[in-house]
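Undergrad: Following is a predicted model, sequence given first.
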Amino acid sequence: EDGYDLWLRYRPLASAVQTRLLPRATELVVAGDSPTMRIAAAELERGFSNMLGHPLPRATAIGRDGAILLGTPAGSPEIARLGLPLARLGPEGFLIRSMPVNGRTTTVIAANSDVGLLYGAFRLLREVETGAPTERLDIAEAPKVKLRLLNHWDNLDRTVERGYAGFSLWDWHKLPDYLDPRYTDYARANASIGINGTVLTNVNANADILTPAYLEKVKALAAVFRPYGIRVYLTARFSAPLEIGGLKTADPLDPAVRAWWKAKADEIYRVVPDFGGFLVKANSEGQPGPQDYKRSHADGANMLADAVKPHGGIVMWRAFVYAAENVEDRAKQAYSEFKPLDGTFRDNVVVQVKNGAIDFQPREPFHPLFGAMPKTPLMMEFQITKEYLGFATHLAYLGSAWEEVLKADTYAKGKGSTVAKVIDGRLHGYRMTGMAGVANIGTDRNWSGSHFDQANWYAFGRLAWDPELSSRTIAEEWARMTFSTDPKFVRPAVGMMMASHQAVVDYMTPLGLHHLMATGHHYGPGPWVGDLERPDWNPTYYHRADANGIGFDRTKTGSDAVAQYAPEVARSFADPNRIPEKDLLWFHHLPWDTKMASGRPLWDELVLRYGRGVGTVGEMRATWDGLRPYVDARRFDDVASFLAIQHKEAAWWRDASVAYFQSVSGRPLPEGAPPPPHDLEWYKALQFKYAPGHH
Ligand code: BDP
């Protein structure tokens, strides 16, 4: 196996399980017809026949016990007669129920829409694939979040910004005439986890995507994705009116500019009638935006929102902004910029906020905007691709990292005001809800660059469907479907996954440190870097280590970023004795001899954490070695090789970081901590022309 099949492998079940399940899958009755229903039916046939080793015959009406019946009340009087409680399941929910129909035991999959049926079909297959019993099913589910989107940072030349899984899937040259079968497989995989939208292009946008020739290609992709319930979105380059429109300005209040975008939106919707809308990165890291014309982010977003509004489109406006001229702590800038704009956005604008205030660091406290914009829908942006987590070769399961953020309590409306409740809209009654994941997918045979990175794509979809799911449960589902349902495999594999994110945090940026990666490509350690043109690009800006101590003071005596959080949260973050140790140096600059919870001085603790991270990777390797009997040879070897790379690089991170911080602290290593094998200059001199993202 090469990993192409993802979690949809449908391998034959153990014969005892097959014998038990066969009477529950004797025939398939599809009540109605549509492209989406045909896909759902084909998936059930494929899944059941492969797993049961027996074809699932089609029938036009229920003729025997053990039928699977699929349909909507609107499309089938037979389903309507069952009087199932579908109303509260909305347009994308589904119900799976074991019940008698026409006197025959039947498994009914019902929904209000065809795409609900497709989700239901995938769900039933998951039950079977994970080894759950299917005799007495009664499952009713609806997604808690409306926009469940992948963001592809794919350039039109098919390179992928921060991509570690090959080139972009979108073959612009051969589109629209040649439709790579992979587009269908992509849509199928996404639909299986409930993803219902995809932004095809990089946030660092190219206006060419909005020209007629490209729109024809976009139309072809949209047609492939449509029956899978997936809509297409594009990034809008704010200066497009200049670049492809022949205008002299892109000022959002200029009537000619507004007319240009309106006409452009009309044109897009003529080509792709169910186009989802625009995602915009503006006035951030050199991208053009409304502030180039002294207008606000709301002015820019609202202009685009007005253009797509008549067609039912939306605008996702990113809050990832920080400016070179701005001397304010970078962690504070997005809040400072956006909080005052709360309530000034059109009703079809949603502001897309990264999980933390800096930039997808291995660990960040939740972004202070969550809970702070009750009148503006905020959607979550997670990064699935592992830009700051060792790229594809390091095993880091991100479900647990995302769960940590979603469970964080903003206290915006008192205790229990979790980020999950902001995102699913319950806290503020948002009219729009969403979660975006920066995709880790490319042309690599295994899609994600590594087998275990498939779990992050999977976990993203599952959390977008329900932000309160447990990351452990998700990991278990995934491991069962992707590798083996044998508990002797599942338990250790999931244990390894659940420990993996903390391990990376420990060997890269323990105790709340952040942004210590090497310049540009972010491959490997660079805590010593302090000479970049912008202060807030330098690791030294973030760790502030000197002979006395380390950490960024974001309390009142420092940048006071804590004040951007609700008072309860701010008080806890501001108090070095109350703040969780994992976030300590994010908010505090502390002397090296500060006593930690362990009783050790901060310096010793820091060095030990670095070592602990490396140690955990060693344990992961040992765990994986023990799983050889349960995994096919190719995937086993792939994972083992990557774990060996991770182990080597974890040690490199630890050694280089310890060498550097020791040069600053001037302290001896704690007992038992091995000295780095090379001196600091050796680590600093390393060059990586081959690192992905090297310019
Ligand atoms: C940073 C990436 C950069 C992205 C930026 C963004 O290094 O490539 O363009 O985020 O999210 O993490 O816009």
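TA: Thanks, I have the structure now.

Undergrad: Leaving out chain neighbours, which residue sits closest to Ala236?
TA: Phe278 (4.0 Å; CB to CB, 6 or more residues apart in numbering). In short, each C-beta sits where N, CA and C put it, glycine included.

Undergrad: where does the one you found land in three-state SS?
TA: strand (DSSP: H, G, I helix; E, B strand; the rest coil).

Undergrad: Compute the number of surrounding residues for it.
TA: 26 (other CB atoms under 10 Å).

Undergrad: Equivalent analysis for Glu581, please.
TA: Neighbour tally, Glu581, other CB under 10 Å: 15.

Undergrad: quick one on the thing from earlier: just to check, the residue nearest to Ala236 is in contact with Val232?
TA: No - if you go by CB atoms under 8 Å, Phe278 and Val232 don't touch, sitting 11.3 Å apart.

Undergrad: Flag every residue of the stretch 351-500 of the chain that's near the ligand.
TA: Asp359, Phe360, Glu387 (CB under 6 Å from any ligand atom).

Undergrad: Okay, buried residues for stretch 580-589 please.
TA: Asp583, Leu584, Leu585, Trp586, Phe587, His588, His589 (16 or more other CB atoms under 10 Å).

Undergrad: Ramachandran coordinates for the closest residue to the fourth one other than its chain neighbours?
TA: Right, the one you point to is Trp586. Distances taken as CB to CB, 6+ apart place Gly512 nearest to Trp586, at 3.7 Å, with adjacent residues excluded. Here is the backbone geometry of Gly512 (degrees, to the nearest 10): phi 90, psi 0.

Undergrad: gap between Gly512 and Val505?
TA: According to CB to CB, to the nearest Å, Gly512 stands 9 Å off from Val505.

Undergrad: re the thing from before, filter the buried residues of stretch 580-589 by proximity to the ligand?
TA: Near the ligand, by the rule CB under 6 Å from any ligand atom, you find none of these.

Undergrad: so which pair among those residues is furthest apart in space?
TA: Among the buried residues of stretch 580-589, the pair separated by the greatest distance (CB to CB) is Asp583 and His589, at 13.6 Å.

Undergrad: Spell out which parts of the chain neighbour the ligand.
TA: Glu161, Arg162, Val203, Asn204, Lys281, Glu285, Phe320, Asp359, Phe360, Glu387.

Undergrad: Tell me the one among those nearest to Asp138.
TA: Phe360 (39.6 Å).

Undergrad: Leu584 - that's part of a helix, no?
TA: Yes - counting by three-state DSSP, Leu584 falls inside a helix.

Undergrad: Which residues are in contact with it?
TA: Leu511, Gly512, Gly551, Pro576, Leu590 (CB atoms under 8 Å, 6 or more residues apart in numbering).

Undergrad: and what of Thr410?
TA: Phe366, Phe370, Gly371, Ala372, Ser417, Thr418, Val419, Val422, Leu427, Tyr565, Ala566, Val569.

Undergrad: so how far is the ligand from it?
TA: Relative to the ligand, Thr410 is positioned 22 Å away (CB to the nearest ligand atom, to the nearest Å).

Undergrad: And the pLDDT for that residue?
TA: We note a pLDDT of 98 for Thr410 in this prediction.

Undergrad: Give me the distance between the residue of the chain most remote from its centre and the ligand.
TA: Using CA atoms, centre = their mean, the residue of the chain lying farthest from its centre is Gly103. It sits 45.1 Å away. Using CB to the nearest ligand atom, we find Gly103 at a distance of 58 Å from the ligand.
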